[in-house]
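Trainee: how would this look folded up:
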Amino acid sequence: MILPHAERWRHLDLALNMQSDFFSSIFDFDDEDNDTWNLNQVRDRLPLLKSLAISSRRSLVSLRAFAVAPRLRHATFTDLPPELPWSQLTTVVCTPRNFNEPTDGATVHRLLGFLSLCAPGCQVTAPSFRVSRLQEWASQGPEPALRIQSPLAFISLCLDRESADHDTALGVLKHIFHMLVLPQCTMLSLDIDASTSYNSFLPFPTDAFLVFAGYASGLSTLLLRHVLISLDDLATCVGNLPALEHLFVQDTDRSYEARDAELVHSRLSAEEQQANPLVPITDNIVVCDALFRLFSDCETTPRLRVLDLAGFFDAKDVSAEAVLDLFRARRALEGHFRVTVSVLGRWWTRMEERRKQVAAAEERLDQISGQVKATLGGRLDVRKKE
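Mentor: Numbering: from 1, shown residues only. This is a model prediction of the structure:
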């Protein structure tokens, strides 16, 4: 058994299964209605423990084994956390149990409650909620009582959109933005769950984000991965982030949606097709000349130093002139300024054709990068990644 060696633990990763013999040995089942953790016997015996990852099909709330661990800095847990030395933790990750997913706002609030325990400067990865389970909550109005205040510095929000419709995903994210009061937050990362379908993206609730940003006036890094946001809404958001230094945005490939809509429409009768004409769905292009001109206005984002972009970079959307104008405007500011670009490929394009499109875009960007460096001494970094 590993418990007698607790004083030597530095990194502990426990995945407990109720059906296993090992799990039974971790618990004391003398009282079937009030079982306790045998693991609690290691409390005050963890002088070297630096990182902890623990997952369990049983609640961790009554676990006090890790409450005293002088060197513990990184903790990962499922659902509600065990007792931890919160004031010294620098990294916290919460992962949900798939068989006990939240279906209402009160449960989401309870699962995110640990945020209020996090220390200033803590980097937090919040649990990924399945949006489709929260459809009823998404349709309701904001609940002022469901607020969580925390001094954490970095937060990563990741949602599993799966098959949820646009309005449900928008409503869930809107509620989460209204729920979080993070006055010391300097970084927000927003993304979809990596295990969901490649066509998924998150719609962006601009008004709710502005409420969130109103509390986080020091937000300096904003990463919007797989987020559907218009250029006008992006301009509104960054205009309300006076401390913004690093921004990531990307184009959104909606070809899958377009193909799906065409397929559904083709199955309708002629009369139904006439009564319900097909509305074209086009890719959401954010990375374009208008974006570069937006950030050429240095008064909008005076502290911006890194512009991180992922897009299709079609010749009709991005010109060398707009990029050069951006660097000319930013050159007047003190400090380093860098643009990093990654070229995306469209999913519903044949692989060979996609590679040609990506290669052509990368070649154009390399040429523009050379012009930027030769003319202005600026940095346009082109990532060779599709």
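Trainee: which parts of stretch 72-83 are buried?
Mentor: Residues Leu72, Arg73, His74, Ala75, Thr76, Phe77, Thr78, Asp79, Pro81, Pro82, Glu83 are the ones in stretch 72-83 that count as buried (16 or more other Cβ atoms under 10 Å). Using the backbone N, CA and C atoms, a C-beta is placed for each residue, glycine as well.
Trainee: can you list contacts of that stretch?
Mentor: Residues from elsewhere that reach stretch 72-83, judged by Cβ atoms under 8 Å, 6 or more residues apart in numbering: 46, 49-56, 59-67, 84-85, 88-97, 100, 110-111, 113-114, 117, 127.
Trainee: what about stretch 344-359, average pLDDT?
Mentor: Averaged over stretch 344-359, pLDDT sits at 81.
Trainee: correct me if wrong: Trp86 contacts Pro120.
Mentor: No - with contact defined as Cβ atoms under 8 Å, Trp86 does not count as touching Pro120 (11.0 Å).
Trainee: who's more crowded, these two?
Mentor: In this view Trp86 and Pro120 are compared by other Cβ atoms under 10 Å, and Trp86 has more residues nearby, 16 against 10.
Trainee: need the contact list for the more buried one.
Mentor: Residues in contact with Trp86 (Cβ under 8 Å, 6+ apart) are Leu117, Cys118, Ala119.
Trainee: quick one: buried ones out of the residues you listed?
Mentor: Taking 16+ other Cβ under 10 Å as the criterion, what is buried in the contacts of Trp86 is Cys118, Ala119.
Trainee: reformat the contacts of Trp86 as CSV; add distance to Leu291 and pLDDT.
Mentor: Shown next, in CSV, are the contacts of Trp86 (distance: Cβ to Cβ, whole Å; pLDDT from 0 to 100):
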residue, distance to Leu291, pLDDT
Leu117, 39, 97
Cys118, 34, 98
Ala119, 37, 97
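Trainee: what is the nearest of the contacts of Trp86 to Asp260?
Mentor: Distance to Asp260 across these (Cβ to Cβ) is lowest for Cys118, with 40.5 Å.
Trainee: would you list the phi and psi of the residue nearest the centre of the chain?
Mentor: Nearest to the geometric centre of the chain sits Leu190, at 2.6 Å (Cα atoms, centre = their mean). With angles defined as degrees, to the nearest 10, Leu190 sits at phi -130, psi 130.
Trainee: before we move on, what about Thr78?
Mentor: Per degrees, to the nearest 10, the backbone of Thr78 is at phi -100, psi 140.
Trainee: confidence-wise, which helix or strand of the chain is lowest on average?
Mentor: helix 21-26 (a mean of 52; mean pLDDT, DSSP states H and E).
Trainee: in the protein, where is pLDDT below threshold?
Mentor: Applying pLDDT under 70 to the chain flags the ranges 1, 17-37, 98-99, 194-199, 333-335, 348, 384-386.
Trainee: for the residue nearest to Asp283 when sequence neighbours are not counted, give its distance to Leu228.
Mentor: In this structure, Asp283 finds its nearest non-sequential neighbour in Arg254, 5.3 Å apart by Cβ to Cβ, 6 or more residues apart in numbering. Here the criterion is Cβ to Cβ, to the nearest Å. By it, Arg254 lies 8 Å from Leu228.
Trainee: could you name every residue contacting both of these two?
Mentor: Common neighbours of Arg254 and Leu228, using Cβ under 8 Å, 6+ apart, are Phe201, Asn284.
Trainee: find the helix or strand that Phe177 is a member of.
Mentor: Element membership for Phe177, per DSSP states H and E: helix 166-179.
Trainee: how many other residues sit next to His5?
Mentor: Other residues near His5 come to 10 when the count uses other Cβ under 10 Å.
Trainee: Thr107: which element?
Mentor: For Thr107, the host element (DSSP H and E) is helix 105-111.
Trainee: after that helix, next one along is what?
Mentor: Using DSSP H and E, the helix or strand that follows helix 105-111 towards the C-terminus is strand 123-125.
Trainee: contacts for the next helix or strand after that next one, please.
Mentor: Sequence-wise, the next helix or strand downstream of strand 123-125 (DSSP H and E) is strand 129-130. If you take Cβ under 8 Å, 6+ apart as the criterion, strand 129-130 is touched by Pro96, Glu101, Pro102, Val108, Leu159, Asp160, Glu162, Val172.
Trainee: distance to His5, secondary structure and neighbour count added to those, as a markdown table?
Mentor: Shown next, in a markdown table, are the contacts of strand 129-130 (distance: Cβ to Cβ, whole Å; DSSP: H, G, I helix; E, B strand; the rest coil; neighbours: other Cβ atoms under 10 Å):
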| residue | distance to His5 | secondary structure | neighbour count |
| --- | --- | --- | --- |
| Pro96 | 31 | coil | 17 |
| Glu101 | 36 | coil | 19 |
| Pro102 | 37 | coil | 20 |
| Val108 | 38 | helix | 23 |
| Leu159 | 40 | strand | 25 |
| Asp160 | 38 | strand | 22 |
| Glu162 | 42 | coil | 16 |
| Val172 | 44 | helix | 26 |
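Trainee: for Ala360, what are phi and psi?
Mentor: Main-chain torsions, Ala360, degrees, to the nearest 10: phi -70, psi -40.
Trainee: Arg97 and Thr78: what is the separation?
Mentor: Separation of Arg97 from Thr78 (Cβ to Cβ): 5 Å.
Trainee: one step back: mind listing what the residue nearest to the centre of the chain touches?
Mentor: For Leu190, the contacting residues are Leu157, Cys158, Leu173, Leu202, Leu223, Leu224, Arg225, Val227, by Cβ under 8 Å, 6+ apart.
Trainee: the third one reaches Phe201, doesn't it?
Mentor: Same thing as Leu173. No - counting by Cβ under 8 Å, Leu173 stays clear of Phe201, with 11.5 Å between them.
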